[in-house]
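Q: A predicted structure for the sequence below; I have some questions about it.
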Amino acid sequence: MSGRVIVCVTAPLAIAASMSLMQAQGSPGEQVFKDRCASCHTGAVESRAPAPEALRSRSPQAIVESLVNGAMRAQGSRMTGAERRAVAEFLTGKSVEGDVSGASAGRCETTTAGNRATNAGPGRPGAEREGDWRGWSPGVDNTRFQPAAEASLSAGDIPKLTLRWSFGFPDASSAWAQPSVAAGRVYVGSQNGTVYALDAARGCVRWTFAASGGVRTAIVVGNGLVYFGDTAANVYALDANTGARRWVRSVDAHPLARITGSPTLHDGRLYVPTSSYEESQGADPQYACCTFRGSVSALDAATGAVVWKTYTIGGDAQRRGTSSAGVPLWGPSGAAIWSAPTIDVRRGLVYVATGNLYSGPSQPMANAVVALELKTGTVRWSKQMTAGDVYVSNCRAGNPNCPETNGPDVDFGSPPMLARTPAGRDLIVIGQKSGVGFALDPEKMGEIVWEYRAGRGGVLGGIEWGSAVDGDRAYFAVSDILLPQPGGLHAVTLATGQRAWFAPPRPPVCGSGRGCNAAQSAAVTVIPGAVFSGSNDGALRVYSTADGAILWEFDTNREFTTVNGVPARGASMIGPGPVVAGGMVFVSSGYGAFGGRPGNVLLAFGVP
């Protein structure tokens, strides 16, 4: 979940003489460069950041790519898509082709027929109704189980699925956001910060909104509004019908804070997790590692006001030493929350899962499941799975700025799932990057009921972005993307933790080469009789819940003709999982980072 990033957060009042070589003086891109980039690229750290003359030789698309997914993604995360394009055009003197929103073509016709929803029927945008998938999961329990009535799709229908439409994301190497479906509309964010409301049946564009950073959270729908977070740690509420902004709230002032986990809406409050890019900085002796603390904030859903905020590390970081470059070092830090909070209405609790530390000393709520009171944010209990896991990216042997033991980096990228066994017992089920799935007892402060080893685990390994639970079983897909034998899907009896079946990884449909393997890092989805799992090889597969047999497979490794005219192709499926609602299946394809291959498409399938 990390990579090398160069961070500069200040800019000089005047640009160095090299700026006179640039074209488009006075352009919006020049101002963005002055405000966001000049302090590094005009002399402050010349040995590490290319001068403007060097950047001029690159293509504008390469500059945008660096800002959304490359070495400069921390800076790019705090720019809009339009700002990234503007600075790329300013630096290179060349134009980026196409519309920054990807919505100049494919707009919906303003007719009654154009407002028709999926086959579940029409509805008012933002209204509650059956057939929806309104956030990371259909419900606040985060089990990623869609009942038959809401799915409007049976296991027997699966072999008949065909592609209905495809939608392309501009300025993107990853289709990293999961769509949500409500009242006949699909809401989805994008890497360049554009949020879309699409017609679910046809994929045409109802409205767009430009956030201040990339949007990888699922869009949460309720109260006639849509809610989401961005990579600049802002939370937004928009009118579900028009896309007009109702409010925006920053939930963390740390310069590297971001929101990757989807917010959860419950009883008038929005529960927002916070993660960061800071894990990428610790190996750099010029960076004062590290000060970020993970947190969850409860916001008033109507106004965005902060009701409470609870950190996963108790106090501010303290001075712990000096780097080899003479820069102060700080700790403890980390324990980010990468995934969606889970609501336990019966017990009045919200559960979150935390990540590793970036710097020590060890903390009890890192790599843990934490239970907080819904009303106050007070920590009721926490259950730590792996103590002392301090990890930063790009560490090499002999680097004195790195932890003495780096890793093992087996934090939680998956949310807790609140499930109930056939006998009526509540369990918190969660998969960890260690490769182990756990069931915890919410009545006994998270006491472990059972453990199940699904994968070997480690960096980018184990169980990554999300598992699923139906009434009988838990389903764990394995990443292990950096290991010789990645992939595989495990079905585990919910009550006992015993294996029900195992579906071994399939031969990669992408063939061979860099980023082509059978790892199953993406979140899993289940409906009665069928489990959906996307793979790093670019295939979406559906398995029988009875025995793991393949019911259907679709190879996304191709170029698609999109409804909005944006060139798009599918590739690795990492992160977001399939969404099943109103008789259709929606899935994002393409993930150009962390062992994946780039792509930028949203696909919609239905039964003829």
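A: Cool, the structure landed.
Q: From L460, how far off is the residue lying closest to G458 once chain neighbours are set aside?
A: Sequence neighbours aside, P408 is the residue nearest to G458 in space, at 5.8 Å (criterion: Cβ to Cβ, 6 or more residues apart in numbering). Glycine gets a C-beta too; all of them are placed from N, C-alpha and C. P408 is 12 Å from L460, where distance means Cβ to Cβ, to the nearest Å.
Q: what's the burial count for the residue nearest to G458?
A: When neighbours are defined as other Cβ atoms under 10 Å, P408 has 20 of them.
Q: list the contacts for it?
A: T386, D389, Y391, S434, G457, G458, V459 (Cβ atoms under 8 Å, 6 or more residues apart in numbering).
Q: any chance of the residues you listed in JSON lines, with neighbour count too?
A: Supplementary listing: those in JSON lines, determined by neighbours: other Cβ atoms under 10 Å:
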{"residue": "T386", "neighbour count": "20"}
{"residue": "D389", "neighbour count": "25"}
{"residue": "Y391", "neighbour count": "25"}
{"residue": "S434", "neighbour count": "26"}
{"residue": "G457", "neighbour count": "23"}
{"residue": "G458", "neighbour count": "19"}
{"residue": "V459", "neighbour count": "20"}
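Q: measure G413 to Q432 for me?
A: Going from G413 to Q432 by Cβ to Cβ gives 9 Å.
Q: actually H490, not the one I wrote
A: Distance from H490 to Q432, by Cβ to Cβ: 14 Å.
Q: so where do the strands sit in the stretch 501-608 of the chain?
A: Ranges of strands in the stretch 501-608 of the chain, per DSSP state E, counting those that start in this stretch, are 525-527, 530-534, 539-544, 550-555, 559-560, 568-569, 579-581, 584-589, 601-606.
Q: List the buried residues of the third one.
A: Of the residues in strand 539-544, those with enough neighbours to count as buried (16 or more other Cβ atoms under 10 Å) are A539, L540, R541, V542, Y543, S544.
Q: What of the fourth one?
A: Within strand 550-555, the residues that qualify as buried are L551, W552, F554, counting by 16+ other Cβ under 10 Å.
Q: Likewise for stretch 303-316?
A: By neighbour count on 16+ other Cβ under 10 Å, the buried set for stretch 303-316 is G304, V307, W308, T310, Y311, T312, I313.
Q: Adding secondary structure, write the residues you listed out as TSV.
A: Listed next are the buried residues of stretch 303-316 as TSV, based on DSSP: H, G, I helix; E, B strand; the rest coil:
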residue	secondary structure
G304	coil
V307	strand
W308	strand
T310	strand
Y311	strand
T312	coil
I313	coil
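Q: Quick one: the strands in the stretch 351-500 of the chain, in order.
A: Going by DSSP E, counting those that start in this stretch, the stretch 351-500 of the chain shows strands at 357-359, 368-373, 379-384, 417-420, 426-431, 436-441, 447-453, 468-469, 473-477, 489-493, 499-503.
Q: Out of these, which is closest to P179?
A: Checking those against P179 by Cβ to Cβ gives strand 468-469 as the closest, at 16.8 Å.
Q: ok, the closest one: who's next to it in the sheet?
A: Sheet partners assigned to strand 468-469 using DSSP bridges are listed as strand 473-477 (antiparallel).
Q: got the angle between the partner strand and strand 530-534?
A: Using axes from the mean of the first three to the mean of the last three Cα atoms, to 10 degrees, the direction of strand 473-477 lies 20 degrees away from that of strand 530-534.
Q: Kindly state which of the strands of the stretch 501-608 of the chain is positioned closest to S250.
A: Comparing the strands of the stretch 501-608 of the chain by Cβ to Cβ, strand 584-589 comes nearest, at 26.4 Å.
Q: And the contacts of the closest one?
A: 118-119, 153, 161, 164, 175-179, 181, 186, 188, 200, 532, 534, 538, 540, 556, 570-573, 575-580, 599, 601-606.
Q: among those, which ones are buried?
A: Buried, going by 16+ other Cβ under 10 Å: 118-119, 153, 161, 164, 175-179, 181, 186, 188, 200, 532, 534, 538, 540, 556, 570-573, 575-580, 599, 601-606, out of the contacts of strand 584-589.
Q: With distance to P28 and mean pLDDT added, can I get the strands of the stretch 501-608 of the chain in CSV?
A: Output for these, formatted as CSV (distance: least, Cβ to Cβ, whole Å; pLDDT from 0 to 100):
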stretch, distance to P28, mean pLDDT
strand 525-527, 41, 98
strand 530-534, 38, 98
strand 539-544, 40, 98
strand 550-555, 41, 98
strand 559-560, 32, 98
strand 568-569, 27, 96
strand 579-581, 36, 98
strand 584-589, 30, 98
strand 601-606, 29, 98
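Q: got JSON lines for those, with distance to S323 too?
A: Putting the strands of the stretch 501-608 of the chain into JSON lines (distance: least, Cβ to Cβ, whole Å) gives the following:
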{"stretch": "strand 525-527", "distance to S323": "44"}
{"stretch": "strand 530-534", "distance to S323": "40"}
{"stretch": "strand 539-544", "distance to S323": "44"}
{"stretch": "strand 550-555", "distance to S323": "47"}
{"stretch": "strand 559-560", "distance to S323": "46"}
{"stretch": "strand 568-569", "distance to S323": "42"}
{"stretch": "strand 579-581", "distance to S323": "45"}
{"stretch": "strand 584-589", "distance to S323": "39"}
{"stretch": "strand 601-606", "distance to S323": "42"}
